[in-house]
Each structure stands twice: as C-alpha cells, then as structure tokens.
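In: Got a sequence here, can you build the structure:
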Amino acid sequence: MYLNCHTYYSLRFGTFSELDLLDLARENTVRELVLTDINNTSACLNFVRKAPEFGVRPIVGIDFRNQVEQFYVGIAKNNQGYKQLNDFLSLHLHQKKDFPERAPDLKETCFVYPFEKVLLMGLTDFEEHEYIGISVNDLRKLPFSGYLQYRDKLVVLQTVTFRNKRDFNAHRLLRAIDNNTLLSKLPSSQLASMDERMLSVSDLSLAFGEYDFILQNTQRLLQGCQIHFDFSPNAKSQNQAIYFKSKQEDCDKLRELCLENLSYRYPEDTSMALERVEKELDLIYKMDFVSYFLINWDIVSYAKSQGYFHVGRGSGANSIVAYLLGITDVDPLELDLYFERFLNLFRSSPPDFDIDFSWRDRQDVTSYIFKRFENVALMGAYVTFNYRGVVRELGKVFGLPKEDIDRLSKGDFNTSQLDSSSQLVLKYGSLIEGFPNYISVHSSGILISERPLQHFSATFLPPKGFWTVQFDMHIAEDVGLYKFDILGQRGLSKIREALDVIRYNQPEAEVADIHDVSKLKKDDRIRTLLKSGQCMGCFYIESPAMRLLIKKLEVDNYLTLVAASSVIRPGVAQSGMMREYILRHRDPSRAYGAHPVLLKLMPETYGVMVYQEDVIKVAHYFAGLSLAEADVFRRGMSGKYRSREEFQNVQQKFMSNCREKGYNEKLILEVWNQIESFAGYSFAKGHSASYAVESYQSLYLKAYFPLEYMVAVLNNGGGFYQTEIYIHEIRMQGARIHLPCINRSRIENVIYGKDLYLGLDHLRELENRVGLRILKERDFGGAFLSLEDFLDRVTISIESLSVLIRIGAFSFTGIDKYELLWKAHFALGHLQRFETQQRLFVIKQSSHTIPVLKTTTLEAAFDQIELLGFCLSSPFTLLLNPVENKRIAMDFKTRVCRHVDIYGYLVTIKPSRTVKGDLMYFATFLDQEGEVFDAVLFPQIAQKYSLRGKGIYRLYAKVVEEFGCFTLEVIKMRKEPYVQDPRFSS
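Out: Predicted coordinates:
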C-alpha cells in the first residue's frame, strides 16, 4: 500500500537505507511497496536484490520534485517503465531544468499526483496512467474537495520518510545543511511532515475503512507492477556482448590477434606460450568474455595510434592473451602468474584490467570510448558524511564559531569541557554520519553495456560532460555490469615528456627502446641505482618507506622489485611478515621454518603471502576451500566485500577446515594473521609486475638522462615529495638552477644543457594568462632587451610586474631589483590594477633620479620563499643561530648504537599508529650536504616533541642499523628559528 518511500538516497532529505526500509516493511507486515527516492534511483537495484530476503515484493519509481516541491510520483509498471522514468529524470538532470507540472505520457508507468498538488492546480482531466494520491491526513479534506467523483483515480499516497522522531531530527539537520542555514532559521517549508511514517497494514486499512475503494485501487495499481533483475550467481553479463558482428567472428578475431603477436612476444620459443594461449582462449570462450578482451584491445589500440603511453595492470595482467593483445606488458610465463587468479570457471566476474594512461591523455581516451561504443557511462560513487564533514556542517547549522568547529573536527577537545552547542553537534552528528552526502564519479570505472544504461538507473552529467550512473561498482557487479578501469597517472607523463626533453636538450643522444623492458632488466647501471635506493622521482619506488625496503632487500632485479611492490602494503608490517620476508630473502635457509605446504605453494616468496593469488592458493590448497570459495575469500580480503555475509561464511569455513585437517591453533593463527594483512589493500602479482615495469622505465631515464628526467618530473607535478625537494634532487644531479626569467623561462620548466630555468607557473601570484602573454610576445618579437622594452611590448599590471621583478626575472639587465621596482612604479603606478588595453604607440619612458639600493642575499631568499614557496639557497643559511656542528648522514655508519647531534631540513612526515593506537611519526630530512636521512619518533617522543612544519630541526638521536640501513631514533628535538625577515625588520 506504500507508493512513495524514501531512503537516504533522497539526498540530504531521507534518513535511512534501503535495507532499513525493507526491515521497516517487514516489521509492519507490508508485503509490497514502491521505492521512490527524490530525483534519484541509486538504491533501486540493491532494493530489488535484497527485497526477497525480507519477504517483500519490490516495485520502483521516482519522486519528482523541483527542490522540495513535490510534483508527482512516477511508478514503473515493469523494466521498460523503469527505463522510461530514468530517461525522463536523466534528461532533466543533464540539462539542469525543472520538471513540468504535468507528468509525461510514458506508456509503461503510472503517475500519482499528491492531493494538495491536485487541489492547487485544479486538475480535472486525468489520463489513464494518472492518479490522485491521498494520505491519511488528506482524508479530512477529501469529502469536501469534489474529488470523490474520481473514484477510480484515488489511491493511497502515505509517504514514508521517517521511522521515529530521531529520524525526523536527522532530517531537520540534513535540510539545514542543504540550505546552508542555521537550524533556528530553517523554514518549515523545507521540511517534510512528521506524519510521513509507515503504519502497519491493519492501521492503514482502518484509517481508510470508510473509503475501501481507495485501498482496492491501490492494490490494483501495485498488482500491475513488476520489476526484475537477475542477481543469481550465474546471471548473464550485462556488458556489451559482441564486439564485431557475431560471437563467432569475435572468437576468430581474438585467436587471430593472439597468433599474430606470438612471435613478437616470444621470438625464441612459442611452444609453451601457445599451450597457455589455447588454455586461456578455451576458458574465455566458455565464460563469454571475448568481447571484454576485444574492447580493451580496441581502447589500447586507439591510445597507441595517438602515441599515448599506457600500463595495463590488475588481475588481467596474469593473462597471456592480454599480453599478446598489448593490453599489458607483463609476461605471465616469466613470472609464473597464477592462472586461477586470472580466470576460472567458478569466477563470475571477469579479469580486472586497470589501464593507466598519462593524466594528460586520459580525457581523450575517455572521449574516444564514449564516441566508439553505443551504451557508455561512467561509474558513480558516493561521498558520505564522515566525522569531520559532519562536525563542520553541523557546527555551522548550530552557529558555532570557526575556532570551535576547527577544534571539534580535529578531535582536540575534552568532552566534559564542551559547551552545550558543541555537545549537540557531537550528539546529533552521530545521526547522519555515514549517510550519502552527494553522488560523485568513480575514480576510473567506465561501463560499456549491451543495453542503454538507463535500463539500470538514471544518469547525471558531471562537469566534464560524461554521463554517469547513479550507483556504485558493487551494485554494478551484482547486476552483471563489469567496469573498464581507465585511470590517469603522472608517472607515464613523466616518461613520455622525459623523451621529449631529451630530444631537444640532447638531440644526438641514443635512447634505448623504452618498451623493450627485457633489456632494461639486465642493465647494470639501473641495477646499481635500484640497489642503492637512489629512486627519487621514479614511479612508485621513491617514497622513504619504499626506498628503505629496497635497500634492506638489496633489490637488484625485476622479480624482487615485483615482490617489494606488494610486500610494502599496509598491514604487513603490523603482522610481522614484512620483516620475516626480508630475513628469509637475505637468508633463504630461514624459509625452511615455514610450514611445508606454505613453502611449496609460495617458494619464490619463501612461504610468505605477498600477492592476492597467495590468498587463493592458501585458501584452496592449505584450507581446502573450493576455487569459488577461495575467490570470494580473496575478494573479501581486498576490502570491498569484507562485511558481506558470503565472506563471513567462507571465513568460518576456512577456520573449521583447518582444524579438521589437524593444524594446530598456533599455525592457524599465524596463517590467518598473514591473510589479515591483506585486508583493505593488496596487489595481484600481475599488478605489482606492471608497476615494476614502469619503475624500470623511470629508472632507465634517471640512470642515463637524470637532468631531463627530473625536468619531466617537475613538469608533471612531482610525486611523493614537494617541488623544492625535486629541485634539490636535480641540483644534486649536476644541474644549475635559475630563477624564472622573462627571456629564458617558459610556463613549464626548461633545461638548456645543464641550466634549468624554473617555469613561470611556479610563481603562485602570477596569473597564467600573463605568462602566456609574455611568451607570445617573446616568440614573436624576440628576447626582451630591458625593462623599458618589456613595458613597451607587454600589457601587464603593476602587481604582476612586481612579482616578476622581485623573483629576479629581470636579472639579465644587471640592474638591482629595487631600482627596477622604482622604475616599474614610475611607469605603471598610475594605471588601473587590471588595465588590459593594448598600447598602439610606444610611450617614451620618463627619466627619474632613483636612489642607490642594493638587494641582500637574505632579502632575495625571503622573496623566493614568499613567491615560490621555497628558496634556492641552502635553508641552513637562514638560521638565526649558526649550526654548531657539521654532522651529516654519512657519519651514521661509524656511530651505530651511539647518540648523534644533527641538523636536518624536514622533507616529509608520515604519521602512523602502533598496535595500541598510539601516534608516532616517521620523518625524512636533508642534512647539511643535501643527503637524505630518516628518523622515527616513537609515541613517547611524539607526544613530547612535535614536527611543526617545514624548517630545520636539531635532533639528538640514537643511530640504529637494520639490514644495512641507518636511521635515527629521536630522543629530543627542537625546531631552529630562522632570522627575522629583513624586508620587514626595522
């Protein structure tokens, strides 16, 4: 009897989930109801999937509203009607236009107008599919309205938005947030009625007892509606089924492509590869994934035709078919990649291809996919109210000062000392924490389906202009839609741009084929660079933690780097298995302490679980789970399905099977702890191998063309570290660093020989259009000869010109910048701030007597800090108190287990928590000679001494050595003050 039920996907309006709605229906013995969120269909698929578990027959629709004004409720008679509603909603969401007052004529739908709307519009002509909705409260007005004559059109419209007063309070807060207003000033017109609650079937029948025909009409309407989606384990895939004209043509083409590339990928011996190809193709045919591979091949082929770099990764990298098609560059035979992780008859979802493109190229690749295929949309994703977001929003709703909001959001408070308003924020924040706040776009997922995606949900149009569905990846997979992951990353941009920089800076240089990774793997110079951990700027292996792990493992080959890329994942250190892996790697005989079954399953990693495949192996061979159960287990360990009932059941079976096999509890716990370390974040081996390939390409460029490569790193936003650290690194590689110059710089960084000129885009206060104007004039009219020549040729405000002068962009004139600033103000000071009118004639510059001024080194340094965010001179020269010792990181090896007093410039901080939850820090510093060293602040020290941002710290610490790596355990520390800024000192 309920035709209009809301969930919290009626964003910033509804107050509970679709599962809570079904539970509410069960409590009230409601056997069928219609889910109709406001301008949203996000919950519909999961509602249909889960309804049978609650004994409810699901029906779906949409509550169409302009803001909060309800116009009509659309109800789908069937799947076609659902698509019609989604098409109608999508059109208005895409065009951002209001809904019309009268519902459209959609043949497979019903529309119910709320009684108050009917009265307001004075409706008297109703189409066959249109109805008048009567709530319990409307029954008082109905006899006097004249609408009793429309007996066949009257149906029950008892809206459900709340379960209780708690929900209503949450609703009020959500509406205040949505209106960006104080709760006390929220208009009642923005609120739903407190009466929008579900009554039991008997109570509803009693309320409409006098108008039994309304109940009968409602029942007839419901009986005429049915929606169905196949959520069974063996449901047919909803992805595009055929790539060419028929399945047979697809199969023939896939085989042809594999055989065409066999000799290219395996020039020496194709026999083993051919055997693996036949095995994979047989499964791909049986499981109907041919078009999935061909579509990925199509995307990659387009990218190659445009000269775009790509990296194919994910579990699909375990496939030789993917390798032969060029989707990946990982040889599964070389790495002995586990076939069952790629595909097995028990796996319902396809192998996962994550295809990375340069962040500069990804948009074009996405555009191509939307043009190339018929039914395409981006995957949706929901941003939920987290604790900080809730506190900030409710702080405004309750009128708290900004200082109080900041303190609450950081958790920096004692509850007993909070005022009443702050306590209300915390109390009511718990009501909406975890609710969906707004719908966004999945970071990489694209759906390419057999049918229009409005068959599954409405779509909306984000700023970049690509249709996006209103549900997330989990629901997509449930209904048989498997995403294509198209990602953008900067590592590939660095590689591609480095090659461009080499071409202009060293045109005669011979550059190896960057795609011939087999040769790179054997290169001694790369091995040396890798083993020493000199990886700053190199994709995925530049962070302090990765650099230390590489040094501890003494990585000098591809396979060990592949393992390191996975073993560093979060959780492994806590389980103790990272340390155990290092010990076994350095002393392989230690591996014999592992259980024989584990060692047999994972000999390459000494019996330690490192990859997602290892979870499948252990679950199947060690614990006796079926391959289907093992894959559920693996998926659960990735964090995506961990809370699902199917995973919980498999987890229990894992434990019971191990006990039945006679394993002792200590061993079971040890293995389980290893598996637990995979929770939330883990790699397939092929995924790690793909990352390692890109790392080798980066390492090659850094080993042979370090300056050009680091310029490309800078031009693509750096990486793990801040810009100044990469500038420091390129200086350490032998480059001479120059400040932005109007005659030598461009928008991006450029290098001439060993002279690096910082780009104009480093100047945070200089508008990009000013830089473009300068370059256009310089490219057309040649270098600028003087300040006067510049002013005659470029239209610029005094503010922008001052930035250029202060940073030293006119230093080629040989005139002190203070004198230049005087001249600039004489020339432009009388003009409007944003004057843009181009001069038609050269104006003769006035001659003025200017006092003799001289810029000091310190003033220049502070100008650079202000305008660039860092200075090019050593930060140690800025200390108020000169350094009292010359201790450097090279001294550590002679002072192991002894204390040192050392100065360090802070590079980066990584907060972490102990098993007990105590906060500690890992920090990286530069010493006085510019070399990197690492330090750790354990909880007691972290509580006493804080790392207060960028600057130089004096550390008193103990030198510790582990596996040949030296780090400091801080005992005490202080931040050293800089000299007073001389530009403002009297």
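
In: all helices for the stretch 501-650 of the chain, in order.
Out: 517-521, 524-531, 544-553, 558-567, 572-575, 577-586, 596-601, 612-617, 627-637, 645-660 (DSSP state H, counting those that start in this stretch).

In: Lowest average confidence across the ones you listed, which one?
Out: Ranked by mean pLDDT, these bottom out at helix 572-575, which scores a mean of 66.

In: pretty sure Phe812 contacts Cys741?
Out: Yes. With contacts counted by Cβ atoms under 8 Å, Phe812 reaches Cys741, the gap being 6.5 Å. Backbone N, C-alpha and C define where each C-beta goes, glycine included.

In: who's more crowded, these two?
Out: Between Phe812 and Cys741, counted using other Cβ atoms under 10 Å, Cys741 has the larger neighbour count: 18 against 15.

In: How about the contacts made by that one?
Out: By Cβ atoms under 8 Å, 6 or more residues apart in numbering, the residues touching Cys741 are Tyr757, Gly808, Ala809, Ser811, Phe812.

In: which ones are touching the fourth one?
Out: If I follow you right, that is Ser811. Leu739, Cys741, Lys817.

In: Which one of the residues you listed is nearest to Arg31?
Out: For these, the minimum distance to Arg31 (Cβ to Cβ) is 75.2 Å, reached by Leu739.

In: how much space between the closest one and His762?
Out: Distance, Leu739 to His762, using Cβ to Cβ, to the nearest Å: 9 Å.

In: Now secondary structure and distance to Val383 too, for the contacts of Cys741, in CSV please.
Out: Below are the contacts of Cys741 laid out as CSV (DSSP: H, G, I helix; E, B strand; the rest coil; distance: Cβ to Cβ, whole Å):
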residue, secondary structure, distance to Val383
Tyr757, strand, 41
Gly808, coil, 43
Ala809, coil, 42
Ser811, helix, 47
Phe812, helix, 49
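
In: so which of the residues you listed comes closest to Asp336?
Out: Nearest to Asp336 among those, with distances taken as Cβ to Cβ, is Tyr757, at 48.4 Å.

In: who's that closest one bridged to?
Out: Beta bridges link Tyr757 to His738, Val750 when assigned by DSSP bridges.

In: Extract the C-alpha trace of the longest strand seen in the chain and format it as CSV.
Out: In the chain, taking DSSP state E as the definition, the longest strand is strand 899-913. C-alpha atoms of strand 899-913 as CSV (Å, rounded to 0.1, in the frame of the first residue of the first chain):
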residue,chain,number,x,y,z
HIS,A,899,74.0,9.1,20.0
VAL,A,900,74.4,11.9,17.5
ASP,A,901,73.5,15.6,17.4
ILE,A,902,72.5,16.6,13.9
TYR,A,903,70.6,19.3,12.0
GLY,A,904,68.1,18.3,9.4
TYR,A,905,65.8,20.1,7.0
LEU,A,906,62.4,18.4,7.1
VAL,A,907,61.4,16.8,3.8
THR,A,908,58.3,14.7,4.7
ILE,A,909,56.4,13.3,7.6
LYS,A,910,54.4,10.0,7.8
PRO,A,911,52.1,9.6,10.9
SER,A,912,51.4,6.1,12.0
ARG,A,913,49.8,4.3,14.9
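
In: residue ranges with poor pLDDT in this structure?
Out: Flagging of the chain using pLDDT under 70 yields the residue ranges 338-351, 570-575, 636-647, 678-682, 829-853, 986.

In: Swap in 50 and give it another go.
Out: 832-842 (pLDDT under 50).

In: center of it, which residue is that?
Out: In the chain, the residue lying closest to the centroid (Cα atoms, centre = their mean) is Ser443, at 5.1 Å.

In: Quickly find the element holding that one.
Out: Here Ser443 sits within strand 436-448, counting by DSSP states H and E.

In: just checking, what packs against the helix or strand following that strand?
Out: Next along the chain after strand 436-448, taking DSSP H and E as the criterion, comes strand 459-460. Strand 459-460 is packed against helix 79-95, strand 468-469, with contacts defined by 3 or more Cβ pairs under 8 Å, 6 or more residues apart in numbering; DSSP states H and E.

In: partners of strand 459-460 in the sheet?
Out: If you go by DSSP bridges, strand 459-460 pairs up with strand 468-469 (antiparallel).

In: Find residues that contact each of Leu739 and His762.
Out: With Cβ under 8 Å, 6+ apart, Leu739 and His762 have no common neighbours.

In: Double-check Phe862 against Pro982; I have them as touching.
Out: Yes. In this structure, Phe862 is within contact of Pro982 by Cβ under 8 Å, at 7.0 Å.

In: Appreciated, that's everything.
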